[in-house]
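[1] Quick check, what structure comes out for this input:
(one chain, ligands or ions: 2)
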Amino acid sequence: MSKILFATSEAHPLIKTGGLADVAGALPIALQNLGCDIRIVLPAYGDILKQYKSLKTVAEFYLSGTAGKIGVRAVQLNRSKVKILLVDYPAAFARKGNPYVDEYGEPWPDNAERFALFCKVIQLIAIDRAGLGWKPDLIHCNDWQSALVPALLNQTPGAPPSLFTIHNLAYQGLFPQSTFNTLGLPSTLWTPHALEFHGQLSFIKGGLVFADRINTVSVQYAKEIQTPALGYGLEGLLQHRRHALSGIVNGIDDIAWNPQTDKLISQNYTSTTLSKKKVNKLALQKLYKLPANKDALLLGFIGRLVEQKGIDLIIELLKSIKQLPIQICLLGTGDKIYQQALSHIAKQNPEQISFNLGYSEKLAHQIEAGADIFLMPSRFEPCGLNQLYSLRYGTVPIVHNVGGLADTVIDTTPETIKNNTATGFVFNQPTVKALHQSIHRALEIYGEPKTWKKLVKTGMKSEFTWDKSAKDYLHLYQKILKEQNIKQYNSYQNYQFNERTGH
Ligand code: ADP
Ligand code: GLC
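    Residues are numbered from 1 along each chain as shown. Ligands and ions are numbered 1, 2, ... in the order given. Coordinates of the predicted model:
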């Protein structure tokens, strides 16, 4: 049974800003069901400490360069035996609010120090020096916040190998060189072959250069990041590592996201009781103060209001929908400029547009259940989870042909309707015109109830549970462990040869 340490900066339901939390809250459980002895390691943020008042301290130690003791506290992940190790260092993590940004949306000024500390603690756990009495066989790191770990392990004798998962290459953890000088990292890491990136410290390069293998959260995104368009200047490095790079599409937590049992929605339903979905539509219109109109095509959007998500395209689109029989309800937080634009446009057209500024798990479920269409015109999307939730809830996704969206949604054409594979509407260019055209295509099919129902049902039957993807991760772990054994064997042979020959 492989012992895996899963390092992440968020995990649902403890702390969540986006899809990484969904993955970290579900994949480890699926891996445990496959026989892994898996533990999650996560910072003990203030919001987590508030939720779990009486946490057990399972280890305490000092770390050179850090004042005071660091604690490791333990909690069980919902509905499972997966243990979460919380790195408790109040000066770095116990503050209230978002893990990465302050109340004004600005990155916490000490993010480099906070996540470097997190990585150093993981390094200690990896070699069983944190006092936990447990040594993982492999460390699975996720995104820049844990990306220094592979670099540190590379410098640590007896350290286990690592996998680095890129959930989003746009976030790299870039800091000035002066910050590198204060972090107490080995000075040999300051080179373009390690953490230096055009004169800056790049956390993510720690994972990209040093992890034994790398994966992204869809096959298509693994290809896209090897191109200048989506490689952010790291495409050369990723091409160089292409033999160690693969794609595994995310799954969904099919207990949390199940229209048949979802407690957060007004009316449960299945693909055979689809007429009940209408109850959720009416409830959503009421909640969003839109006219109760069961015939209007109701569009939904949930997400971070950032350029990645193509929210600017939606805003442009909404300026010219007066003539169309559609309504839209939006939920999100993010860049001020988009928040203001959406509030403004919703005020101008309250009959058709309603916007909820904020983060609400409950509303997200209600939108998935109540909308007819889910909009996801992302400029890039490593995987995307909302289109998967939408498919499961019979809410037809309209998506840009990119990343995980391209891998998971099948466009509606006369042929895909005929062979029962169509699940959504896919457009090729991230333009308002293309988005408009997709909505017209959707309206056309919505006007043919039989075909619409077929589309909805095919989507609901799509299989995106974690079972298959967790098996792919397990194979990847096994491959890394096998490669590590071969490496160790070879270096032992070399050692013996050198001993014999006196080299
Ligand atoms: P990303 O990780 O890039 O934000 P994903 O589609 O992978 O995109 O995952 C986003 C997750 O965060 C989904 O579970 C989505 O429902 C949730 N989410 C995003 N914004 C909000 C919000 N304002 N309220 C509730 N849930 C949200
Ligand atoms: C990232 C990506 C998103 C992906 C999520 C979980 O935040 O933007 O596409 O689904 O990570 O892997």
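[2] Show me the strands in the stretch 101-250 of the chain, by range?
    138-142, 162-166, 174-176, 196-197, 200-202, 213-216, 245-247 (DSSP state E, counting those that start in this stretch).
[3] quick one: buried residues of the longest helix that the chain contains?
    Determined from DSSP state H, the single longest helix within the chain is helix 466-501. Neighbour-count burial for helix 466-501, counted by 16 or more other CB atoms under 10 Å, picks out 466, 469, 470, 473, 474, 476, 477, 480, 481, 484. C-betas here are computed from N, CA, C, even on glycine.
[4] looking at the strands of the stretch 101-250 of the chain, which is closest to residue 29?
    Nearest to residue 29, of all these, is strand 138-142, at 14.0 Å by CB to CB.
[5] Now do that closest one against helix 466-501, angle only.
    130 degrees (axes from the mean of the first three to the mean of the last three CA atoms, to 10 degrees).
[6] May I have strand 138-142 exported as CSV, CA atoms only?
    Extracted in CSV, the C-alpha atoms of strand 138-142 (Å, rounded to 0.1, in the frame of the first residue of the first chain):
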residue,chain,number,x,y,z
LEU,A,138,5.7,9.9,-2.6
ILE,A,139,4.7,13.5,-2.3
HIS,A,140,2.0,14.8,-4.6
CYS,A,141,2.3,18.6,-4.9
ASN,A,142,-0.4,20.9,-6.3
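[7] and that strand, what does it pack onto?
    Strand 138-142 sits against strand 3-7, helix 19-33, helix 111-126, helix 148-154, strand 162-166, helix 466-501, with contacts defined as 3 or more CB pairs under 8 Å, 6 or more residues apart in numbering; DSSP states H and E.
[8] what is the mean pLDDT for it?
    What strand 138-142 shows for mean pLDDT is 98.
[9] Just give me how far that strand sits from the chain centre.
    15 Å (CA atoms, centre = their mean, to the nearest Å).
[10] separation between whatever residue of the stretch 101-250 of the chain ends up closest to ligand 1 and ligand 2?
    Ligand 1 sits closest to residue 168 of the stretch 101-250 of the chain, with a gap of 6.2 Å, by CB to the nearest ligand atom. To ligand 2, residue 168 is 4 Å away according to CB to the nearest ligand atom, to the nearest Å.
[11] and if you look at residue 146?
    Taking CB to the nearest ligand atom, one finds residue 146 at 14 Å from ligand 2.
[12] Number of residues surrounding that residue?
    29 (other CB atoms under 10 Å).
[13] try residue 393
    27.
[14] Please tell me how far it sits from residue 74.
    Distance check for residue 393 against residue 74: by CB to CB, to the nearest Å, it reads 35 Å.
[15] same thing with residue 399?
    40 Å.
[16] Contact residues of the chain facing ligand 2?
    Contact residues (CB under 6 Å from any ligand atom) of the chain with ligand 2: 18-20, 23, 167-168, 217, 250, 381-385, 404.
[17] who are the neighbours in contact with whichever residue of the stretch 1-150 of the chain sits closest to ligand 2?
    The nearest approach of the stretch 1-150 of the chain to ligand 2 comes at residue 19, 2.8 Å away (CB to the nearest ligand atom). Residues in contact with residue 19 (CB atoms under 8 Å, 6 or more residues apart in numbering) are 167, 250, 383, 384, 385.
[18] If we use 7 Å, what do you get?
    167, 383, 385 (CB atoms under 7 Å, 6 or more residues apart in numbering).
[19] Ok, residue 165 next?
    By CB under 7 Å, 6+ apart, the neighbours of residue 165 are 140, 142, 215, 217.
[20] If we use 10 Å, what do you get?
    6-8, 20, 23, 27, 140-143, 146-147, 207, 211, 213-217, 248, 382, 473, 476 (CB atoms under 10 Å, 6 or more residues apart in numbering).
[21] returning to that earlier point: which one's more surrounded, residue 399 and residue 74?
    Neighbour tally, residue 399 and residue 74, criterion other CB under 10 Å: the higher count belongs to residue 399, 28 against 16.
[22] That one is in what secondary structure piece?
    strand 396-400 (DSSP states H and E).
[23] Taking the stretch 201-350 of the chain, what residue is nearest to ligand 2?
    Counting by CB to the nearest ligand atom, the stretch 201-350 of the chain gets nearest ligand 2 through residue 217, at 4.0 Å.
[24] So for residue 496, what's the pLDDT?
    For residue 496, the pLDDT comes out at 79.
[25] One more: residue 493?
    pLDDT, residue 493: 79.
[26] Could you pull up the residues touching it?
    Contacts of residue 493 by CB under 10 Å, 6+ apart: none found.
[27] What distance do you get for it to ligand 1?
    45 Å.
[28] Then residue 20?
    6 Å.
[29] For the buried residues of helix 466-501, work out which two are farthest apart.
    Comparing the members of the buried residues of helix 466-501, the greatest separation, given CB to CB, is between 466 and 484, at 25.2 Å.
[30] Columns pLDDT on top of the residues of the chain next to ligand 2, output as TSV?
    Below are the residues of the chain next to ligand 2 laid out as TSV (pLDDT from 0 to 100):
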residue	pLDDT
18	94
19	96
20	98
23	98
167	98
168	98
217	98
250	98
381	98
382	98
383	98
384	98
385	97
404	98
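[31] and those, which are buried?
    By neighbour count, with 16+ other CB under 10 Å, these hold 19-20, 23, 167-168, 217, 250, 381-385, 404 as buried.
[32] now those in TSV, with distance to residue 243?
    As requested, those are exported to TSV (distance: CB to CB, whole Å):
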residue	distance to residue 243
19	27
20	26
23	24
167	21
168	23
217	19
250	23
381	25
382	20
383	22
384	26
385	28
404	22
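[33] now what about the helix or strand just after the strand holding residue 399, what contacts it?
    Later in the chain than strand 396-400, the nearest helix or strand by DSSP H and E is helix 403-408. Helix 403-408 has contacts (CB under 10 Å, 6+ apart) with 19, 216-225, 230, 247, 249-250, 376-388, 391, 397-400, 423-424, 426, 428, 462, 464.
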